[in-house]
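Visitor: sequence and predicted structure, then a few things I'm wondering about:
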Amino acid sequence: MILSWRRRRASKYANRKEFSGENLGMGMEEIVIPSHFRCPITLDLMKDPVTLSTGMTYDRSSIDAWIEKGHNTCPVTNQVLATFDQIPNHALRKMIQDWCVQNRSHGVERIPTPRIPVSAYEVTRVYQRMMAVTQRGDYNKCLELVAKIRAWGKDSERNKKRIVENRMGCCLSATFEFFAENEAATLLKEEILSVMTWMFPMGEEGQSRLGSAKSLRCLVWFLEGKDLSSRQNAVLVLRKLLSLDQKHVDGIVQIEGAIEALVKIIREGPSICPTATKASLSCVFYMISGASDEIKSRFVELGLVSLLLEILVEAEKSLCERALGVLEGLCDCKQGKGKAYENSLTMPLLVKKMLRVSALANEFLVSIIWKLCKNQNGDGDDEEEIRILMEALQVGAFQKLLVLLQVGCGDGIKDKVTELLKLFNLHISKLDCVDSSMDFKYLKKGQF
């Protein structure tokens, strides 16, 4: 099999971006890539050739993908690999680079010299040194080692994976906790946070240290700071930590200033830092899920309901889903519902978003509308609820729910959709702008 590298001859068409169909094959010349320069797996020119224990050479990215799929054999010989060690084939890589240089005039670019991936042994050595210098409180050595870890991670995703696999997250959590109350170690803690954003998942010990009262107070301190990068890293780490265990959620709620700091980041809006805004919304979602009305009311008092509605106006999919998830949780408490009733954007915006974002967003939207239109007794007779119910009918909620039921919705919200349609049907005749004959005759049998 011959794999060729094609290029266009230099001509008056060289700078054109498009060619007509009949000219695509004209002015081309074939450059044959030597077979031993090609990876046996992809048949592409190798950029980082490595040799396995079987003596066969592959491109590193290709054999990594092969092994990650669960294979333990050599793709060519089918022999079981005695070890997964990969030895860089420097001689072959140099030959490939020389070939690229020789064919530069034909449009072939020289492959860069790849960096050698970090080994498990190197990571373990740094782990041991980091633990030792942390116990001694050696700030400068800790900063030096964290910088080394950060450089490794910056080189490649493979390095990041190797670092995480060798429990470096636990080590860095211990260092962060040790220096948490040391104001002079701010730079070190900033460096640790920048690395910790990709250090998950981590073991129980690492979680325990990062979730300690000292560490959480330090995270909140960064959230309250002025440096945008540090605040973003802190909220990203906090989001991942809260997603692991409810005890961390309970812990952060008790830290003074945590709720205010998260709402402040949300208030600054996605235009400043969309990543931090999404992470903050995720943190709030974890904090209010199953929380008491007292906790939820603290978020409401800080104006979070209005902020969420403002975000929803132009939010993209993932941001919209997070904002709706938080709003749905806040509507469980009386104060949250009250603020939603007061805002004239609430119902028009909720109805407009329905069927326009995602299935998850639809679930949140239906749940929010259901909570606003039904009181605790489930009869929908409260004056405020009747007002919002009539407003929902005016902006087309009835029609949207009919469509949602027809196109299909999850079992989790189907009952709520059905209840809302029945409730709307009781009041729809009161609207002059809606045909009073509209009822359930358009629904398929068995929907109720």
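Guide: Arrived safely, thanks for sending.

Visitor: what helix or strand is the closest residue to Gly269 other than its chain neighbours on?
Guide: Leaving aside its sequence neighbours, Gly269 sits nearest to Thr277 (Cβ to Cβ, 6 or more residues apart in numbering; 6.6 Å). Backbone N, C-alpha and C define where each C-beta goes, glycine included. Assessed by DSSP states H and E, Thr277 sits inside helix 274-288.

Visitor: what segments of the stretch 1-150 of the chain are helices?
Guide: Under the criterion DSSP state H, counting those that start in this stretch, the stretch 1-150 of the chain contains helices at 60-68, 90-102, 120-136, 139-155.

Visitor: need the residues that contact the first one.
Guide: Taking Cβ atoms under 8 Å, 6 or more residues apart in numbering as the criterion, the residues outside helix 60-68 that touch it are 39, 41-42, 44, 47-50, 52, 58, 75, 84, 86, 114, 117, 158.

Visitor: cool, and stretch 341-361?
Guide: Applying Cβ under 8 Å, 6+ apart, the external contacts of stretch 341-361 come out as 305-306, 309-310, 312-313, 317, 320-321, 324, 340, 362, 365-366, 368-369, 372, 384, 387-388, 391-392, 395-397, 400-401, 403-404, 407, 409-410.

Visitor: quick one: buried ones out of these?
Guide: Neighbour-count burial (16 or more other Cβ atoms under 10 Å) applied to these gives 305-306, 309-310, 312, 320-321, 324, 340, 362, 365-366, 368-369, 372, 388, 391-392, 397, 400-401, 404, 409.

Visitor: is Phe178 in contact with Gly137, as I believe?
Guide: Yes: contact status for Phe178 versus Gly137: in contact at 7.2 Å, counting by Cβ atoms under 8 Å.

Visitor: and those two? which has more neighbours close in?
Guide: Phe178 (18 against 12; other Cβ atoms under 10 Å).

Visitor: could you check the pLDDT of that one?
Guide: For Phe178, the pLDDT comes out at 96.

Visitor: and it, how far is that from Trp152?
Guide: 22 Å (Cβ to Cβ, to the nearest Å).

Visitor: any stretches of this protein with poor pLDDT?
Guide: The chain contains residues with pLDDT under 70 at 1-29, 375-382, 431-448.

Visitor: can you flag which of the buried ones among the contacts of stretch 341-361 belong to helices?
Guide: 305-306, 309-310, 312, 320-321, 324, 340, 362, 365-366, 368-369, 372, 388, 391-392, 397, 400-401, 404 (DSSP state H).

Visitor: residue boundaries of the strands in this protein?
Guide: Assigned by DSSP state E, the chain shows strands spanning 4-8, 28-32, 49-51, 57-59, 87-88.

Visitor: can you list the strands that the last one pairs with?
Guide: Each strand paired with strand 87-88, and its direction, by DSSP bridges: strand 49-51 (antiparallel).

Visitor: what lies in contact with the partner strand?
Guide: Counting by Cβ under 8 Å, 6+ apart, 39, 57-60, 63, 86-89, 92-93, 96 sit against strand 49-51.

Visitor: mind redoing it with 6 Å?
Guide: Residues outside strand 49-51 that contact it (Cβ atoms under 6 Å, 6 or more residues apart in numbering) are 57, 60, 86-89, 92-93.

Visitor: show me how far that strand is from its chain's centre.
Guide: How far strand 49-51 lies from its chain's middle: 33 Å, per Cα atoms, centre = their mean, to the nearest Å.

Visitor: against Gln246, how distant is Met199?
Guide: Taking Cβ to Cβ, one finds Met199 at 21 Å from Gln246.

Visitor: these two: which is more packed in?
Guide: Neighbours per residue (other Cβ under 10 Å) separate Met199 from Gln246, with Met199 holding more: 25 against 11.

Visitor: against Ser367, how distant is the more buried one?
Guide: 34 Å.

Visitor: what does Leu228 give?
Guide: Distance from Leu228 to Ser367, by Cβ to Cβ: 34 Å.

Visitor: these two - which one has more neighbours?
Guide: Higher neighbour count among Leu228 and Ser367: Ser367, with 20 against 13, using other Cβ under 10 Å.

Visitor: in this structure that one contacts Leu330, no?
Guide: No: between Ser367 and Leu330 no contact is recorded; they are 11.7 Å apart, counting by Cβ atoms under 6 Å.

Visitor: circling back to that earlier point, contacts for the helix holding Thr277, please.
Guide: 232, 235-236, 238-239, 242, 249, 253, 262, 265-266, 270, 296, 319, 322, 325-326, 329.
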